[in-house]
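quick one: sequence plus predicted model below, questions after.
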Amino acid sequence: MSLKKVLDVLKRKHSFLISAHVNLEGDALGSELALARLLKKQGKKVYVVNQDKAPLLYDFLPDIKTIQKPTSKNLNFDAALIVDCSDLRRIGLVQKLISKGIPIINIDHHISNDNFGDINWVNLEASSASEMVYEIYKKGGFRLDIEAALLLYTGIMIDTGSFRYSNTSSYTHSVISDLLQYKISVEKIHNQVYSCLPLREVKLLTRLLAGFKIDKFNKICWLVLRKGAIKEERMKTDVSEYVFNFLRSIAGIEVAMIFREVSNKKTRVNFRSNGKFNVSKLAGKFGGGGHKSASGCTILSGLKASQKSVLSAIRKSL
Ligand SMILES: [Mn+2]
């Protein structure tokens, strides 16, 4: 079993690079920071390096300030632990820090994972990478503490949409039950993540949402974001979560999407499904990937052409 191999590397090696995907969110952050915490407690040297800055709303997470940018070239480590990534390109610029010969350990739960690691522990049953890091704690005999519990709870909460997506299992709830023994405040975490919007962002959000589109059968809905519609770096929140929550709540909706204009020849598309429709396959048609009910891709065409090709691909398989 690959978890055994992962545990073996964690014990044998002395210094580690840990990274997760670009566009950081709660599961990426929770899993990498909880893993880093475990290793540091064993006296190991750990560098957590991400290409992107964490969204401001995650400032409450323990150890978040220890995350480094991939600028320093002199990081010495003897293994690279990559969490929550379906392929190695997802870590972006952090790739260039990993020299040849350094073993890469792939810890992930995406259906589209391409087994990029020297060791691959890919568990499609896991709700989140954080749930997998929890298993590392348990099977490795490492002791959890309140900080690790908070990190893992946040990661699992984000990836399960607060325990309501189909990836939420009885095991997930048993993990949560254990984490709650560490006296973390569930109410506080939920407020920090979900009730944290500055008024100006709510106003922006309602303005954007007013322009959502829907197909004539009321099954597909989407929002188009022109370049500059959101100054992402100044936002406290990840707008897409709110947009998706809204779009997915329309009765009968099967697929919800956000089209983001990157340039006039490049569009980022994110997909969510309400269960039946497999959006991982859909994203795969455009070179992307993800989960059955949440995925994304980048299309090398403008907003208009991207909408057209995605909509026709959905109609073919609906
Ligand atoms: Mn995840």
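That came through, no problem.

test my guess that residue 69 contacts residue 54.
No - counting by C-beta atoms under 8 Å, residue 69 sits too far from residue 54 to count as a contact (11.2 Å). C-betas here are computed from N, CA, C, even on glycine.

more crowded one of the two?
Each of residue 69 and residue 54 had its neighbours counted (other C-beta atoms under 10 Å), and the higher figure belongs to residue 54 (18 against 12).

helix, strand, or coil at that one?
Reduced to three states with DSSP: H, G, I helix; E, B strand; the rest coil, the structure at residue 54 is coil.

just checking, it touches residue 26?
No - using C-beta under 8 Å, residue 54 is not in contact with residue 26; the gap is 9.6 Å.

quick check: residues of the chain near the ion?
Where proximity means C-beta under 5 Å from the ion, the interface of the chain facing the ion comprises 27, 84, 128-129, 159.

same list, the residues you listed, but as CSV with pLDDT, neighbour count and distance to residue 171 please.
Compiled in CSV, the residues of the chain next to the ion are given as follows (pLDDT from 0 to 100; neighbours: other C-beta atoms under 10 Å; distance: C-beta to C-beta, whole Å):
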residue, pLDDT, neighbour count, distance to residue 171
27, 98, 28, 16
84, 98, 28, 18
128, 98, 28, 12
129, 98, 31, 15
159, 95, 29, 14
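
now, the most widely separated pair of those?
The largest distance within those, taken as C-beta to C-beta, falls between 84 and 159 and amounts to 8.6 Å.

identify the contacts common to those two.
For the pair residue 84 and residue 159, residues contacting each of them under the criterion C-beta atoms under 8 Å, 6 or more residues apart in numbering are 27, 128-129.

in helices, which of these appear?
Among these, the members found in helices (DSSP state H) are 27, 129.

which one of the shared contacts of residue 84 and residue 159 is nearest to the ion?
residue 27 (3.5 Å; C-beta to the ion).

unless I'm mixing things up, that closest one is touching residue 160, no?
No - in terms of C-beta under 8 Å, residue 27 does not count as a neighbour of residue 160; the distance is 9.3 Å.

and for the two, which residues touch both?
residue 128.

state the helix or strand in which residue 247 lies.
Under the criterion DSSP states H and E, the helix or strand holding residue 247 is helix 239-248.

what does that helix rub up against?
With C-beta under 8 Å, 6+ apart, helix 239-248 has contacts from 197, 201, 204-205, 208-209, 212, 221-223, 230, 253, 256, 258, 270, 272, 274.

let's see that with 6 Å instead.
205, 209, 221, 223, 230, 256, 258, 270, 272, 274 (C-beta atoms under 6 Å, 6 or more residues apart in numbering).

repeat that for stretch 114-129.
The contact list for stretch 114-129, computed with C-beta under 6 Å, 6+ apart, reads 2-3, 5-6, 27, 31, 83-84, 87-88, 103-109, 111, 113, 132, 155-156, 159-160, 167-168, 172.

from the residues you listed, list the buried ones, please.
Of all the contacts of stretch 114-129 considered here, the ones buried according to neighbour count by 16 or more other C-beta atoms under 10 Å are 3, 6, 27, 31, 83-84, 87-88, 104-109, 111, 113, 132, 155-156, 159-160, 167-168, 172.

mind showing which ranges of the stretch 101-250 of the chain have poor pLDDT?
In the predicted model, the stretch 101-250 of the chain carries pLDDT under 70 at residues 233.

could I get the full set of helices for it?
129-139, 146-159, 170-179, 186-194, 199-209, 239-248 (DSSP state H, counting those that start in this stretch).

which of these is buried the deepest?
When you average the neighbours per residue for each of the helices of the stretch 101-250 of the chain (mean count of other C-beta atoms under 10 Å), helix 146-159 leads with a mean of 25.

for that one, the distance to its chain's centre please.
Per C-alpha atoms, centre = their mean, to the nearest Å, the displacement of helix 146-159 from the mean C-alpha position of its chain is 13 Å.

mind putting the helices of the stretch 101-250 of the chain into JSON lines with distance to residue 296?
Listed next are these as JSON lines, based on distance: least, C-beta to C-beta, whole Å:
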{"stretch": "helix 129-139", "distance to residue 296": "16"}
{"stretch": "helix 146-159", "distance to residue 296": "14"}
{"stretch": "helix 170-179", "distance to residue 296": "23"}
{"stretch": "helix 186-194", "distance to residue 296": "20"}
{"stretch": "helix 199-209", "distance to residue 296": "18"}
{"stretch": "helix 239-248", "distance to residue 296": "10"}
